[in-house]
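*Asks:* take a look and give me a structure for this.
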Amino acid sequence: MVEDDDFEPRFGRMRAGGGRPTRRFLHRVLAAANLARGGAASGRGRAGFLGSRIGRGSGVGRVLASRDAHAAFRQRRAIIKSRIVKLGSSKAMNAARAHIRYIHRDGVTREGTPGQLYTADRDRTDARAFLDRAKDDRHQFRFIVSAEDGAQYEDLKPLTRRLMAQMEQDLDTKLDWVAADHFNTGHPHTHILVRGRDDLGKDLIIAREYLTQGMRERAAELVSLDLGPRTYDEIEQRLRAEVGQERLTSIDRRLLRDLDEEGIVAAIDPDPFQQSLRAGRLQKLARLGLAEPTGSGRWQLVPGFDETLKRTGERHDIIRTMQRAFNAHGVERAGLDYAITNTATVAPIVGKVIERGLSDELNDRHYLIIDGSDGRGHYVDIGNGDATGSVPAGAVVRITPKSIEARSVDRTVAQIAAAHDGRYSIDIHLRHDRSATQNFAETHVRRLEAMRRLMGSVGREADGTWIIGPDHVESAAAFEARRAKSAPVVVDTLSTLPLDRQIGADGATWLDRELLGDGSQRLRDAGFGHEVRAALARRRQWLIDQGLAQEEQGRTIYRANLLAVLTRRELGRVAGQLSAELGLAYGEPQPGERIEGLYRRPVELASGRYALIEKSREFTLVPWRPALDPHLDRQVSGVMRGASINWTIGRGRGGPSIS
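*Replies:* Here you go, the predicted model:
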């Protein structure tokens, strides 16, 4: 007889499912709803239940989206860009702090001063306090609000506050938000950050219809109330300006709607003004090679012409950005060839950093503008802001594409799993390869954990054993390709010093490495390439004057171990300055020596970046590694291995190793 309180225990870690992870309740509701109506959507008008109306503001969003078309024609326009950012991890919170630092950085006001965060009732507020309130939030909303006629506003704060007050009414909850206004572009706009909590402390869910349409319509209503509806003269003037633009316009979108199945559209329109716009635009598209007359007032449009116009418009915007950057930094390049880099096929680029900026403020996508040694100006998408460290203007960098191939660790895991019924663990690895160490096997586990978190392409059982599929190497390549979307290139800083400061520097500079190289670096006698050639000649003469090189029969002979001599000279000088500053003696590290102490700060030298390690009675300078930065003022230890060091973070022997 089975009693009501009988149970069968299932051993394992807490919450360990042992298989496919349990789907969220919302996902199960969506699946059940679609199943109840007959499965996946098919045919026109049978859209599946996707949950777009779940959340606050769904009804308001639908009402606003269905407003009168004539009123919409004359209403002022506003653009809303929205993004929902997941929080809940230290990395996500660091990214949130970086985003707030960005939106009130220098040079975003009309006067070129730093931006200022404000709220509904305060013109100045503390960013740290807002982030502290949000540290336990699941997500955060980020908006960019840009009114088409925003330049007519002296101050955007009243408009933003009225918009947020209207949102609170539409969503039936108080909102905790901060905002900052930007006037550093041709279109003034406002960045708004909203906590993902309602006034009851629960997760704030905003309906998709309100985010995509309702909020935009509310902003347009407020701007129309402030500035009045658009006059017909204003509307006609804007439309006439669109006729000759080399980008996707509202006239093109109307042509798209009127296309027949063969891609043909008529130039005739019942409205004489619209017909003149359409005819003029079709003539412009014909000159661009995107349209061709077929007779009787009908035109054949090239398939995908709208995407071509989008790309053309983006290219023009990028070229203007590059021209402004070169002019703003006083770089005159007559006839400079501008190149927009394809990060998937880019050849290595060496050059000087002109500017770093954001191509997509909402999604934190950054770009670098490089004055290349090949005589060209390069625009390079470097991905998310946290993917590339700080690179000062004037620094010399090398840019290479990010590899999207599987790594050797992936092939090792696949090989071991294939020999053990598709399973992998540290114990299995050590039994399979007797020469492997514990630390070496742990690197494979960290790789698998990263793949599991990002893609879910590998599974882990309750006892820590990993389930590896036969296509693991292909999955690893897909993982690398996905990661490359956020960091498509590798930016190596060759020197933080500009060329003019390298010429007389007493350390081992990038110019010295070029002088000692094989001469394979392509230096065009134009732009930055011309500057490098001149700087190399002056640096060569400086080395001769210092007795570190000599000329023999038209050749330059450099002193043996030149780079080591220069590095040691610079370290000795800087160590003396730091010794006087810190009141500690300097201890020069020796090969094989164990280095232990507190990591105080990085030190920028002409020879590269070094880490200042402070001991009880002395300090030392050793090669810096990026992994040290999160451990500022913490105990570190490592062993010198030639010109590098193998670090161990923390006092214990089991701390993580940084090779």
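*Asks:* okay, now the domains of this protein?
*Replies:* 20-40+47-53, 58-227, 233-303, 408-486, 564-658 (automatic domain parsing).
*Asks:* want to throw those into JSON lines with mean pLDDT?
*Replies:* What follows is the domains of the chain, written out as JSON lines (pLDDT from 0 to 100):
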{"stretch": "domain 20-40+47-53", "mean pLDDT": "58"}
{"stretch": "domain 58-227", "mean pLDDT": "87"}
{"stretch": "domain 233-303", "mean pLDDT": "90"}
{"stretch": "domain 408-486", "mean pLDDT": "90"}
{"stretch": "domain 564-658", "mean pLDDT": "83"}
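*Asks:* of all those, which one comes closest to G394?
*Replies:* G394 sits nearest to domain 564-658 of all these, at 12.8 Å, using Cβ to Cβ. For the C-beta atoms, the positions are set from N, CA and C on the backbone; glycine is no exception.
*Asks:* which parts of the stretch 201-350 of the chain are helices?
*Replies:* 208-209, 215-227, 232-242, 250-258, 272-287, 305-328 (DSSP state H, counting those that start in this stretch).
*Asks:* helix 272-287 and the longest one, what's the angle between them?
*Replies:* Spelled out, that is helix 305-328. Relative orientation of helix 305-328 versus helix 272-287 (axes from the mean of the first three to the mean of the last three Cα atoms, to 10 degrees): 80 degrees.
*Asks:* one more: the fourth one?
*Replies:* Calculated by the same axes, to 10 degrees, helix 250-258 forms an angle of 90 degrees with helix 272-287.
*Asks:* now the third one
*Replies:* Interaxial angle, helix 232-242 versus helix 272-287 (the same axes, to 10 degrees): 20 degrees.
*Asks:* list of residues touching helix 232-242?
*Replies:* Contacts of helix 232-242 with the rest of the structure, by Cβ atoms under 8 Å, 6 or more residues apart in numbering, involve 73-74, 249-251, 273, 277, 281.
*Asks:* just the closest of these to R407, please.
*Replies:* Checking those one by one against R407 (Cβ to Cβ), the nearest turns out to be T249, at 46.2 Å.
*Asks:* contacts only, for the closest one.
*Replies:* 242, 281, 309.
*Asks:* now those residues in TSV, with neighbour count and distance to L562?
*Replies:* Below are these laid out as TSV (neighbours: other Cβ atoms under 10 Å; distance: Cβ to Cβ, whole Å):
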residue	neighbour count	distance to L562
E242	17	61
R281	23	64
L309	19	55
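*Asks:* on that earlier part again, export the helices of the stretch 201-350 of the chain to JSON lines and tack on distance to G88?
*Replies:* Output for the helices of the stretch 201-350 of the chain, formatted as JSON lines (distance: least, Cβ to Cβ, whole Å):
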{"stretch": "helix 208-209", "distance to G88": "22"}
{"stretch": "helix 215-227", "distance to G88": "25"}
{"stretch": "helix 232-242", "distance to G88": "44"}
{"stretch": "helix 250-258", "distance to G88": "39"}
{"stretch": "helix 272-287", "distance to G88": "49"}
{"stretch": "helix 305-328", "distance to G88": "34"}
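*Asks:* to Q169, which of the ones you listed lies closest?
*Replies:* The nearest among the helices of the stretch 201-350 of the chain, by Cβ to Cβ, is helix 215-227 at 9.6 Å.
*Asks:* now the closest one: how far from the chain's centre is it?
*Replies:* The chain centre lies 31 Å from the centre of helix 215-227; the measure is Cα atoms, centre = their mean, to the nearest Å.
*Asks:* and S616, which of the three is it?
*Replies:* coil (DSSP: H, G, I helix; E, B strand; the rest coil).
*Asks:* please compute how far the strand or helix carrying V574 lies from its chain's middle.
*Replies:* Taking DSSP states H and E as the definition, V574 sits inside helix 562-582. How far helix 562-582 lies from its chain's middle: 37 Å, per Cα atoms, centre = their mean.
*Asks:* check which helices and strands that helix sits against.
*Replies:* Counting contacts by 3 or more Cβ pairs under 8 Å, 6 or more residues apart in numbering; DSSP states H and E, helix 562-582 is packed against helix 510-516, strand 585-586, strand 594-605, strand 608-614, strand 618-623.
*Asks:* tell me which strands the shortest one pairs with, and in which orientation.
*Replies:* It refers to strand 585-586. strand 618-623 (parallel) (DSSP bridges).
*Asks:* tell me what angle the strand it pairs with forms with helix 562-582.
*Replies:* Using the same axes, to 10 degrees, strand 618-623 lies at 140 degrees relative to helix 562-582.
*Asks:* after strand 618-623, next one along is what?
*Replies:* strand 635-641.
*Asks:* next, the buried residues of that next one.
*Replies:* Of the residues in strand 635-641, 635-638, 640 count as buried by neighbour count, 16 or more other Cβ atoms under 10 Å.
*Asks:* hang on, the earlier thing: now for the domains of the chain, which one comes closest to G554?
*Replies:* domain 564-658 (24.3 Å).
*Asks:* return the distance of the closest one from the chain's centre.
*Replies:* In terms of Cα atoms, centre = their mean, the centre of domain 564-658 is found 31 Å from the chain centre.
*Asks:* do stretch 394-403 as well
*Replies:* 16 Å.
*Asks:* likewise for stretch 199-212?
*Replies:* 26 Å.
*Asks:* could you dump it to CSV, C-alpha only?
*Replies:* Listed next in CSV are the C-alpha coordinates belonging to stretch 199-212 (Å, rounded to 0.1, in the frame of the first residue of the first chain):
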residue,chain,number,x,y,z
ASP,A,199,6.3,50.6,-7.6
LEU,A,200,5.6,47.4,-5.8
GLY,A,201,9.1,46.1,-6.2
LYS,A,202,8.2,43.5,-8.8
ASP,A,203,9.8,43.0,-12.2
LEU,A,204,8.6,45.6,-14.6
ILE,A,205,7.3,44.1,-17.8
ILE,A,206,6.4,46.6,-20.6
ALA,A,207,4.4,45.3,-23.5
ARG,A,208,6.2,45.1,-26.8
GLU,A,209,3.5,47.2,-28.6
TYR,A,210,4.1,50.0,-26.2
LEU,A,211,7.9,49.9,-26.5
THR,A,212,7.7,49.8,-30.3
